[in-house]
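Peer 1: got a predicted structure here, sequence first:
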Amino acid sequence: RARRPLASAATRPRAINRHRLAISHSRAIFRSVMDAKTQKAELTRAAIVGAALDLAAAEGLESITLQAVADRIGLSKSGVFSRVGSREALQTAVIEEFGRRFLADVFVPAMQQPKGLPRLNEIVRRWIARTRDVEAKQGCIFTAGAFELDDREGPLRDFLLGEVTRWRTALRRTVLQAVE
């Protein structure tokens with residue numbers, strides 16, 4: 001029985017490289033499709049949370065239902081559920097998003113100022129501007145939620161309390177730095 005000679009060293013890398021190129025091309029296409037799907041899913045989830053945030057600002061956290069949000073954005077109730085989970089998970093996402101926006105509008109830009117009074121002044125200035133421009137029109141989820149959930153026990157109340165406490169702690173630290 002004659003053995004077939006192995007491919008020479010000169011031809012082997014080309015064959016391997018073509019194979020690797022085909023695999024990497026397939027992965028790139030797969031990643032591109034997955035990235036597009038992931039991006040669309042993230043945009044849909046952001047639209048859901050945004051609609052729920054608008055609803056909570058207008059009517060309170062307890063007004064958030066999967067059906068009410070689904071009706072606002074034109075999805076089915078199960079479509080909303082598949083992206084955010086339970087009503088409580090959606091309410092938690094709303095509190096998170098409100099906190100994220102608050103930090104982005106007030107705290108993050110103020111951190112560019114030197115520690116002490118300049119930073120505190122910038123936080124207060126931005127907080128007042130946000131209250132005037134956003135919360136006077138839409139409402140403050142933290143304040144409204146504190147009133148809504150003050151007599152209830154549970155993870156949503158605890159999460160809201162944690163977010164408010166985190167904000168107060170950061171503000172207190174800034175005040176103390178301004179006093180020093």
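Peer 2: Perfect, thanks for sending it.

Peer 1: ok, how many other residues are close to residue 74?
Peer 2: A count of neighbours around residue 74, defined by other C-beta atoms under 10 Å, yields 9. Yep, even glycine has a C-beta here, placed from its N, CA and C like the rest.

Peer 1: look up how far residue 47 lies from it.
Peer 2: The spacing between residue 74 and residue 47, counted by C-beta to C-beta, to the nearest Å, is 10 Å.

Peer 1: now swap in residue 73 and tell me
Peer 2: According to C-beta to C-beta, residue 73 stands 5 Å off from residue 47.

Peer 1: which of these two has more neighbours?
Peer 2: residue 47 (17 against 14).

Peer 1: where does pLDDT dip in the protein?
Peer 2: The chain contains residues with pLDDT under 70 at 1-34.

Peer 1: what are the ranges of the helices in it?
Peer 2: For the chain, applying DSSP state H gives helices covering 12-59, 66-73, 77-84, 87-102, 108-110, 117-130, 136-138, 141-149, 155-179.

Peer 1: show me what the fifth one is packed up against.
Peer 2: Helix 108-110 is packed against helix 117-130, with contacts defined by 3 or more C-beta pairs under 8 Å, 6 or more residues apart in numbering; DSSP states H and E.

Peer 1: what residues does the helix it packs on touch?
Peer 2: Outside of helix 117-130, the residues within contact range by C-beta atoms under 8 Å, 6 or more residues apart in numbering are 102, 105-107, 109-113, 171, 174-175, 177-178.

Peer 1: chain center to that helix, what's the gap?
Peer 2: Once both centres are worked out by C-alpha atoms, centre = their mean, to the nearest Å, helix 117-130 turns out to sit 24 Å from its chain's centre.

Peer 1: now swap in stretch 61-80 and tell me
Peer 2: Counting by C-alpha atoms, centre = their mean, stretch 61-80 is centred 18 Å from the centre of its parent chain.

Peer 1: neighbouring contacts of it?
Peer 2: With contacts defined as C-beta under 8 Å, 6+ apart, stretch 61-80 is touched by 44, 47-48, 51-52, 54-56, 81, 84, 87, 90-91, 94-95, 141, 144-145, 148-149, 156.

Peer 1: now residue 141, nearest residue through space, not along the chain?
Peer 2: Distances taken as C-beta to C-beta, 6 or more residues apart in numbering place residue 98 nearest to residue 141, at 4.1 Å, with adjacent residues excluded.
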